[in-house]
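Participant: here is the input, now give the coordinates:
(one chain, ligands or ions: 1)
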Amino acid sequence: MKIVHTLAELRQALVASRHPAFVPTMGNLHEGHLDLVRQAQGLGDMTVVSIFVNRLQFAPHEDFDSYPRTLEADAQKLRAQGCDLVFAPSEREMYPQLQTFKVLPDPALADILEGHFRPGFFTGVCTVVMKLFQAVFAGKAEGTAVFGKKDYQQVMVIRRMVEQFALPLHIVSSETLRADDGLALSSRNGYLSPQERSQAVKLSQALAALGQAVQARTGRSLAALEEEACQMLAAQGWQPDYLTVRRRSDLLPPAEGELGTQPLVVLGAARLGRTRLIDNLEI
Ligand code: PAF
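Facilitator: Sure thing, here's the model as predicted:
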């Protein structure tokens, strides 16, 4: 496995590849990331992983400075997984100047849910992902990028970006890997205290309960069921940002008549202590 740190080295290392399969990450890799790498391995002629903590997608009060940087351990895991190429650029390599040109995603998709609670987040994500796509795929006949479904809205935003810029790429979304108790694997789980870790599965349980309540169609409005789900989580010591049922097609709320006829997804974000967790469940 080769590790490169500059765009020039990356392009050189990719010369022999016609169809790279790419997994962008911010490092601090866990089994969920390695599962994305395993998927990518079947989808191209070279498996490339990027490790870059992207300042642009963090708000000033968020955890950019404390986000774990664990390049050596990450490289060991990727080597053991049989990854071919790791791109771990410095901040200066990715952003040699203040990044004043940005990719502004469709606000209808990017200013809701995560984008509402983390303004500018998807602009930061799209800008870095576009730069990474340029770096990995420029001049290639084909390309595939693999993203985890845990970041459900992120995958949708990136798919729409790829469509609208007519990038010749396949975007593959991979199922969320979960711990034995059902907690979605996430780098941010590492912030949880042992006591919080034992409570953390309550978010996915609340999403499942909300999904069941919606499917049971008790006659109560969707808004009332969502509010109750938030209150139940709050009563257990969480601070929910949202627990909501949306159409899978555009992440907008379904009309009451669409319940049971449209593919839906239940999405949630909530803070447990200092840690903000997100999860989702297709229903
Ligand atoms: O999902 C992530 O880890 C990040 O948002 C991504 C896609 C690597 C962009 O920085």
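Participant: neighbours of D181, how many?
Facilitator: Under the neighbour criterion other C-beta atoms under 10 Å, D181 is assigned a count of 11. The way it works is simple: take the backbone N, C-alpha and C, and place the C-beta from them, glycine included.
Participant: can you pull the contacts of the nearest residue to it once chain neighbours are set aside?
Facilitator: Once flanking residues are discounted, D181 sits nearest to V201: 4.6 Å by C-beta to C-beta, 6 or more residues apart in numbering. Applying C-beta atoms under 8 Å, 6 or more residues apart in numbering, one finds that V201 lies in contact with A179, D181, G182, L183.
Participant: would you mind measuring from the residue nearest to the first one when sequence neighbours are not counted to the ligand?
Facilitator: Same thing as A179. Nearest in space to A179, with sequence neighbours left out and distances taken as C-beta to C-beta, 6+ apart, is L185 at 6.4 Å. Applying C-beta to the nearest ligand atom, to the nearest Å, the value for L185 to the ligand is 12 Å.
Participant: wait, what's in contact with the closest residue to the ligand within the stretch 151-283 of the chain?
Facilitator: Closest to the ligand within the stretch 151-283 of the chain is D151: 5.2 Å, counting by C-beta to the nearest ligand atom. Shown in contact with D151 (C-beta under 8 Å, 6+ apart): I278.
Participant: for R69, same thing?
Facilitator: Residues touching R69, when contacts are defined by C-beta under 8 Å, 6+ apart, comprise G27, N28, V53.
Participant: would you mind measuring from the last one to P253?
Facilitator: In this view, V53 and P253 are 33 Å apart by C-beta to C-beta, to the nearest Å.
Participant: neighbour count: those two, which is higher?
Facilitator: V53 (18 against 15).
Participant: which SS state does the more buried one fall under?
Facilitator: Secondary structure assignment for V53 (DSSP: H, G, I helix; E, B strand; the rest coil): coil.
Participant: before we move on, back to that, and the residue nearest to D181, its phi and psi?
Facilitator: Note on V201: its backbone torsions stand at phi -70, psi -10 [degrees, to the nearest 10].
Participant: do the one 3 residues further on as well
Facilitator: Here the main-chain torsion angles of S204 (degrees, to the nearest 10) amount to phi -70, psi -30.
Participant: so it sits right up against L183, yeah?
Facilitator: Yes: with contact defined as C-beta atoms under 8 Å, S204 and L183 form a contacting pair (6.6 Å).
Participant: if you count contacts, what does the strand or helix carrying R11 end up packed against?
Facilitator: Secondary structure assignment for R11, by DSSP states H and E: helix 7-13. Applying 3 or more C-beta pairs under 8 Å, 6 or more residues apart in numbering; DSSP states H and E, one finds that helix 7-13 contacts strand 2-4, strand 85-87, helix 121-137.
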